[in-house]
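Novice: Based on what follows, work out the 3D shape:
(chains A and B)
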There are 2 protein chains.
Amino acid sequence: MSRRTFLQSGLAATAAAAAAPALAATKPAASYTGAEIDERLASGRGLDGLTKADLPTPALLLDLDAFEANVARLRDHTRAAGIALRPHAKTHKCPEIARRQLAAGALGICVATIREAEAMAAAGITGLLITSELAGPEKIRRLLRLAARQPDTMAVTDSLEHAQQLDAAAAAAGQKLNVFLDIDPGSRRTGVTAGEPAKQLARAIMRLPHLALRGVHCYSGASAHVVGFDARRTHSHAAMTPAIATFRDLRAEGLPLEILSGGSTGTYNIDPELKAMTELQCGSYVFMDVDYRRIGGRGGALYDDFASALTVLATVISRNEPKRATIDAGLKAFATDKRFGPDAKDLPGLKYSWGGDEHGILDLAAAPRDVRLGERLEFIVPHCDPNVNLYDRLYCLRGDKVEAVWPVARGYA
Amino acid sequence: MSRRTFLQSGLAATAAAAAAPALAATKPAASYTGAEIDERLASGRGLDGLTKADLPTPALLLDLDAFEANVARLRDHTRAAGIALRPHAKTHKCPEIARRQLAAGALGICVATIREAEAMAAAGITGLLITSELAGPEKIRRLLRLAARQPDTMAVTDSLEHAQQLDAAAAAAGQKLNVFLDIDPGSRRTGVTAGEPAKQLARAIMRLPHLALRGVHCYSGASAHVVGFDARRTHSHAAMTPAIATFRDLRAEGLPLEILSGGSTGTYNIDPELKAMTELQCGSYVFMDVDYRRIGGRGGALYDDFASALTVLATVISRNEPKRATIDAGLKAFATDKRFGPDAKDLPGLKYSWGGDEHGILDLAAAPRDVRLGERLEFIVPHCDPNVNLYDRLYCLRGDKVEAVWPVARGYA
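Specialist: Numbering: from 1, shown residues only, chains lettered A, B, ... in the order given. Below you'll find the predicted structure:
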């Protein structure tokens, strides 16, 4: 059942009028469902004064002031550092955010999956670099279809077998496909080993007639979250140095490599020091999360170079003990792969712990004030990328006012 | 951008014909995208011989033989045990599965959220018990709207303040709302304490004119995954006994409590021993997962009373080391809150480890055979409920043939 079907079923209209007086007595907010908000927008009625208090929970909120400041800050930084920016959309999966990143000077957008690439392309986003190998007939078919429409699309490859498959498919489709040599930064996830193995692969790719070798991709995800600025710098330099040497050697050999792409929000002010990478592919800087805040910045233990712009709005649903409350946001509302959960945005000292798939437990012992049954609280997400992937919409707030609703191309399609 | 918009953009049509020959050479499968499959179904063309090999990855697969056997097995068990069944749809969020559970004799369906309740109601599912407190004006408005359409809908409450809010809203809407007393099984998540606090609340609810107290809800999520059958039995009996005593005392006082609902897939053959609960609310039995398989059954260390019916289909995307491969399924494809990841379905000994948001790492050292670049592998999900919530569709397989595609009412709306 789609949202539209649900609304058309007439359920939306039946008892709303009858229920309204009771709610008016409690709170004058309109309190829409997400489907009703979609319907308002689809029918051209606009958001008409919608505020945070009207939103259903759990809801994913974007603080536009913080988001815009983050976009401007990385733009200014990369300009000053003399490095280009191709931000990673795996973080946000949101064409509207990609548009704003391009408007702020980004020369393209990175994506992790063919689904993200298709969503961005359909929204008119160009300069796509797909940073993970697309293998198997289904993915390669979709890649070539996309590249036929947007010839500046770039894919990565890390083995001769894979490159040959891309070349054969491109040949059959009568296309020439842009590829990057994907070099392993030492994490053994994807990528060919730097040095001789990478050079041999690069030379082999040069002999494949339907591939155009454009650059080197080397993303050290393991460096991004190293705690402590100096330790992170050491880790990232060690991870990137072999790829940089390979890139330089291959250019010295005459291979037409133009781009060396890598870097993360954790290393945005570390990687440019190497004076070798041509572009950064930071993603999380637009949102930030608990995980990034704790890695430490150049100046101290809290990494606050970028502002926390992404939160989940939740409701207190049970309040049976003096110092404990339960909210309607658990593992289906907050994604995690670490032990820590979300941080309360405006209540320092309030401690969240996981309460299962649908619930979170709040420990109020050290919170600055009590919370009420039915009250709504905002939480900074633990890990922004998979957290965004749980939601279909970003509610974009200016203060408490909902200024826009941006669709998220989440999941797989 | 919706899937429809994406398809209408014309991208779907452009290069598909051109790319086809190369793919035909590699594999004759049609290899559709999820959006193309949706489009086929929407246009009435049907699935037309679609097989597992045609599906995009990552994809969520349901083995229909295993699923149907699971539904039949719990039906037979509850009939033999003389206990009713109101299966929990938080696991599947899929109206079609709820329909099949009702067809197999379930007397209704449990849901955890108002969004799930609305999705089920829109599909004609009745007998809904919403097992988590709905608090705050937005949720209460939606609850009353639903109950106006389906007066047999039941909500839970665990405090006088909450019950009074429900009563006031029902009064203003001119409705009488069915409620359950939610009793805490000791996990301090939701629920009033059994014994005197619960009895006082029950008596207070009886004085609220727009609420009809129908039963007691007591779900011990903490019992469900206790490892070892005897330990689990001890845990569940201890958790349920106070609620059962409270239920009996209140009935002895003359309160019109008809239903005592609780139980999980972990305790389906434990709770009926107590001869007190009137219905079970098992959810995971339809799918099973790695987490449930390891809790141990009555007969041994593997809990295999129900078959593993839910898998994720993934593709090998990098193959650069002899005993190691990378697949396109990480934290956005498999949900976890525990350390363990998914289990390979057909390759015992193959070990999965997390490789970030988009990747999984396969250790092949103990696997029975090698895997190829581009090959597709199936994995039993770590934890079924939040895993289903990552996907929009269940591809339902009979052997390798795709027999149906069932929408999942995932996320929040």
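
Novice: Kindly provide the distance from A:L55 to A:R100.
Specialist: Distance from A:L55 to A:R100, counting by C-beta to C-beta, to the nearest Å: 22 Å. The way it works is simple: take the backbone N, C-alpha and C, and place the C-beta from them, glycine included.

Novice: Have a look at the two and say which one is more surrounded.
Specialist: In this view A:L55 and A:R100 are compared by other C-beta atoms under 10 Å in any protein chain shown, and A:L55 has more residues nearby, 26 against 17.

Novice: quick one, what contacts the more buried one?
Specialist: Contacts for A:L55 (C-beta atoms under 8 Å, 6 or more residues apart in numbering or on different chains) come out as A:S31, A:Y32, A:I37, A:L61, A:L313, A:Y395, A:V402, B:E138.

Novice: Then A:A301?
Specialist: By C-beta under 8 Å, 6+ apart, A:A301 has no neighbours at all.

Novice: try 10 Å
Specialist: With contact taken as C-beta atoms under 10 Å, 6 or more residues apart in numbering or on different chains, A:A301 is in contact with A:V227, A:G228, A:F229, A:R293, A:R294, A:I295.

Novice: between those residues, which is nearest A:R339?
Specialist: Each of the contacts of A:A301 was scored against A:R339 by C-beta to C-beta, and A:R294 proved nearest at 11.8 Å.

Novice: got the phi/psi numbers for that closest one?
Specialist: Here the main-chain torsion angles of A:R294 (degrees, to the nearest 10) amount to phi -90, psi 0.

Novice: these two touch, right, it and A:V227?
Specialist: Yes - using C-beta atoms under 10 Å, A:R294 makes contact with A:V227 at a distance of 6.8 Å.

Novice: Quickly list what's touching both of the two.
Specialist: Between them, A:R294 and A:V227 have A:A301, A:Y303 as joint contacts when contacts are counted by C-beta under 10 Å, 6+ apart.

Novice: how much distance is there from stretch A:405-413 to the middle of the chain?
Specialist: Chain-centre distance of stretch A:405-413: 11 Å, with C-alpha atoms, centre = their mean, to the nearest Å.

Novice: and what of stretch A:164-180?
Specialist: Taking the mean C-alpha point of stretch A:164-180 and that of its whole chain, the gap between them comes to 28 Å (C-alpha atoms, centre = their mean).

Novice: just stretch A:62-73 next, same as before
Specialist: For stretch A:62-73, the separation from the chain centroid amounts to 14 Å (computed by C-alpha atoms, centre = their mean).

Novice: Could you say which helix or strand holds A:L362?
Specialist: strand A:360-363 (DSSP states H and E).

Novice: by contact count, what packs against the helix or strand following that strand?
Specialist: The first helix or strand that comes after strand A:360-363 along the chain, using DSSP H and E, is strand A:376-380. Secondary structure elements in contact with strand A:376-380, counted by 3 or more C-beta pairs under 10 Å, 6 or more residues apart in numbering or on different chains; DSSP states H and E, are strand A:59-63, helix A:290-293, strand A:310-321, strand A:324-327, strand A:343-344, strand A:360-363.

Novice: swap the cut-off to 7 Å and go again
Specialist: With contacts taken as 3 or more C-beta pairs under 7 Å, 6 or more residues apart in numbering or on different chains; DSSP states H and E, strand A:376-380 sits against strand A:310-321, strand A:343-344.

Novice: and the last one, what other elements does it pack with?
Specialist: When you say that, I think you mean strand A:343-344. strand A:376-380.

Novice: average pLDDT for the strand it packs on?
Specialist: Summarised as a single mean, pLDDT over strand A:376-380 is 98.

Novice: export the helix or strand following that strand as CSV, just CAs?
Specialist: Counting by DSSP H and E, the element after strand A:376-380 in chain order, helix or strand, is helix A:384-388. Output in CSV follows, covering the C-alpha atoms of helix A:384-388 (Å, rounded to 0.1, in the frame of the first residue of the first chain):
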residue,chain,number,x,y,z
CYS,A,384,24.3,10.0,10.1
ASP,A,385,24.6,7.9,6.9
PRO,A,386,22.6,4.8,7.9
ASN,A,387,20.3,7.0,10.0
VAL,A,388,19.2,9.0,7.0
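
Novice: Just the residues contacting helix A:384-388, thanks.
Specialist: Taking contacts as C-beta atoms under 7 Å, 6 or more residues apart in numbering or on different chains, the residues outside helix A:384-388 that touch it are A:60, A:90-93, A:284, A:287-289, A:310, A:334-335, A:381, A:408, B:331-332, B:357.

Novice: wait, A:D392 sits on A:A409?
Specialist: No - with contact defined as C-beta atoms under 7 Å, A:D392 does not reach A:A409; the gap is 9.3 Å.

Novice: Which one's more surrounded, the two?
Specialist: More neighbours surround A:A409 than the other of A:D392 and A:A409, with 25 against 20 (other C-beta under 10 Å).

Novice: Identify the residues contacting that one.
Specialist: A:K93, A:P95, A:R115, A:E116, A:A119, B:M1.

Novice: From chain B, how far out is the third one?
Specialist: Taking C-beta to the nearest C-beta, to the nearest Å as the criterion, A:R115 is separated from chain B by 8 Å.

Novice: before we move on, what about the fifth one?
Specialist: As defined by C-beta to the nearest C-beta, A:A119 lies at a distance of 6 Å from chain B.

Novice: where's the residue in the stretch 51-200 of chain A that chain B sits nearest to, which helix or strand?
Specialist: With C-beta to the nearest C-beta, the shortest gap between the stretch 51-200 of chain A and chain B falls at A:A172, namely 3.1 Å. With secondary structure defined by DSSP H and E, A:A172 is part of helix A:160-173.

Novice: Could you list the alpha-carbon positions for the next helix or strand after that helix in CSV?
Specialist: Later in the chain than helix A:160-173, the nearest helix or strand by DSSP H and E is strand A:177-184. Once non-C-alpha atoms are left out, strand A:177-184 reads as follows in CSV (Å, rounded to 0.1, in the frame of the first residue of the first chain):
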residue,chain,number,x,y,z
LEU,A,177,33.1,4.4,-20.0
ASN,A,178,35.1,6.7,-17.6
VAL,A,179,36.8,4.7,-14.9
PHE,A,180,39.0,5.3,-11.8
LEU,A,181,41.6,3.0,-10.5
ASP,A,182,40.3,2.1,-7.0
ILE,A,183,43.4,1.8,-4.7
ASP,A,184,43.1,0.0,-1.3
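
Novice: partners of strand A:177-184, with directions?
Specialist: Take DSSP bridges as the rule and strand A:177-184 pairs in its sheet with strand A:154-157 (parallel), strand A:192-193 (parallel), strand A:211-217 (parallel).

Novice: Among the contacts of A:L55, which one has the most neighbours?
Specialist: Using other C-beta under 10 Å as the neighbour test, the contacts of A:L55 are led by B:E138, with 26 neighbours.

Novice: name the element that residue belongs to?
Specialist: Assessed by DSSP H and E, B:E138 sits inside helix B:137-149.

Novice: ok so, going back, mind checking which of the contacts of A:A301 are buried?
Specialist: Neighbour counting with 16 or more other C-beta atoms under 10 Å in any protein chain shown marks A:F229, A:R293, A:I295 as buried within the contacts of A:A301.

Novice: I figured the first one hits A:R298, correct?
Specialist: Yes - if you go by C-beta under 7 Å, A:F229 and A:R298 touch, sitting 5.1 Å apart.

Novice: When you compare pLDDT across the contacts of A:L55, which one is lowest?
Specialist: A:S31 (74).

Novice: Enumerate the residues of the stretch 151-300 of chain A near chain B.
Specialist: For the stretch 151-300 of chain A, the residues in contact with chain B under the definition C-beta under 7 Å from any C-beta of the partner chain are A:158-159, A:161-162, A:168-169, A:172-174, A:188-190, A:192, A:221.

Novice: how about 6 Å then?
Specialist: Where proximity means C-beta under 6 Å from any C-beta of the partner chain, the interface of the stretch 151-300 of chain A facing chain B comprises A:D158, A:S159, A:E161, A:H162, A:A168, A:A169, A:A172, A:A173, A:R189, A:T190, A:G221.
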